[in-house]
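Chemist: compute the structure for the input listed below.
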Amino acid sequence: FIEIIVNITEKDLYKYVFYNSELPENKRDFINNNLDKYSDALDLLKEIESNLESDVSSVIMDRILGLIEAQNPRVEFVLKPLKFQNCQDHFMLAADSATIECDNITQTFVDSGNNFLIKVVSVENENKLYVFPRKKSVNVDLSLTIYPSNEKHLIDKSSSSYILVNKQKIDKIVITQ
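Modeler: Sure thing, here's the model as predicted:
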């Protein structure tokens with residue numbers, strides 16, 4: 001009598017408990033014939049399966065959320081207006097024209113580490129915000145908070161980095177990753 005040994009992985013044990021029909025028959029039979037060998041892992045998985053159907057209290061959920069946030073702290077970038085220095089050391093004279101009125105104003109915001117640059121273009125009754133991350137591939141959603149209005153916007157990682165907001169004075173922008 002030759003006993004065939006089948007390589008059983010944790011994934012196979014998981015499938016045995018949760019998705020038994022997806023497990024190949026030879027592995028299912030091998031686990032059935034060697035239940036004592038895998039009893040600890042199977043008991044744990046069966047307990048997890050039974051707990052999945054029960055409600056989790058809000059206290060436990062808050063505790064889990066706190067642990068997740070502690071492991072993945074949020075990173076905040078505070079962007080302030082960039083002040084351009086005027087390098088002109090001579091007078092410039094220009095003719096005054098009453099017909100040209102420019103309401104378009106641009107501001108540039110950067111954080112201290114130069115991780116993000118935001119260009120704000122104010123046109124008529126709205127601000128257009130263009131967000132430029134230093135790293136081309138930002139793989140997370142970004143949350144923008146505009147101060148002093150405390151207006152919040154979410155930039156989806158798959159969307160463009162262009163936001164329309166009501167026209168307002170902007171003192172600083174905070175990006176949370």
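Chemist: now do stretch 14-31: distance to the chain's middle.
Modeler: Averaging C-alpha positions (CA atoms, centre = their mean, to the nearest Å) puts stretch 14-31 36 Å from its chain's average.
Chemist: who touches that stretch?
Modeler: Under the criterion CB atoms under 8 Å, 6 or more residues apart in numbering, residues 4, 6, 8, 12, 13, 38, 42, 45, 46, 49 lie in contact with stretch 14-31. Placement of C-beta: from N, CA and C, glycine included.
Chemist: which among those gets closest to residue 148?
Modeler: For residue 148, the nearest member of the contacts of stretch 14-31 is residue 49. The distance, counting by CB to CB, is 51.5 Å.
Chemist: next, count neighbours for the closest residue to that closest one other than its chain neighbours.
Modeler: The shortest distance from residue 49 to any non-neighbouring residue, by CB to CB, 6 or more residues apart in numbering, is to residue 17 (5.8 Å). Burial of residue 17 is recorded as 18 neighbouring residues (other CB atoms under 10 Å).
Chemist: now, which of the contacts of stretch 14-31 lie within helices?
Modeler: 12, 13, 42, 45, 46, 49 (DSSP state H).
Chemist: I'd like the residues you listed as a markdown table, with neighbour count, pLDDT and distance to residue 116 appended.
Modeler: Shown next, in a markdown table, are the ones in helices among the contacts of stretch 14-31 (neighbours: other CB atoms under 10 Å; pLDDT from 0 to 100; distance: CB to CB, whole Å):
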| residue | neighbour count | pLDDT | distance to residue 116 |
| --- | --- | --- | --- |
| 12 | 17 | 93 | 46 |
| 13 | 18 | 93 | 45 |
| 42 | 16 | 94 | 49 |
| 45 | 18 | 92 | 44 |
| 46 | 13 | 91 | 48 |
| 49 | 12 | 88 | 44 |
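Chemist: how about residue 162, nearest residue that isn't a chain neighbour?
Modeler: residue 130 is the one closest to residue 162 (CB to CB, 6+ apart), at 5.7 Å.
Chemist: for the one you found, list each beta-bridge partner.
Modeler: Judged by DSSP bridges, the bridge partners of residue 130 are residue 119, residue 162.
Chemist: give the contact list for it.
Modeler: 118, 119, 120, 121, 161, 162.
Chemist: thinking again about what came up before, kindly provide the distance from the residue nearest to residue 49 to residue 122.
Modeler: For residue 17, the distance to residue 122 equals 59 Å [CB to CB, to the nearest Å].
Chemist: and residue 135, by the same measure?
Modeler: 27 Å.
Chemist: do a quick rundown of the helices in this structure.
Modeler: Using DSSP H, helices in the chain cover 10-18, 25-33, 39-52, 58-71.
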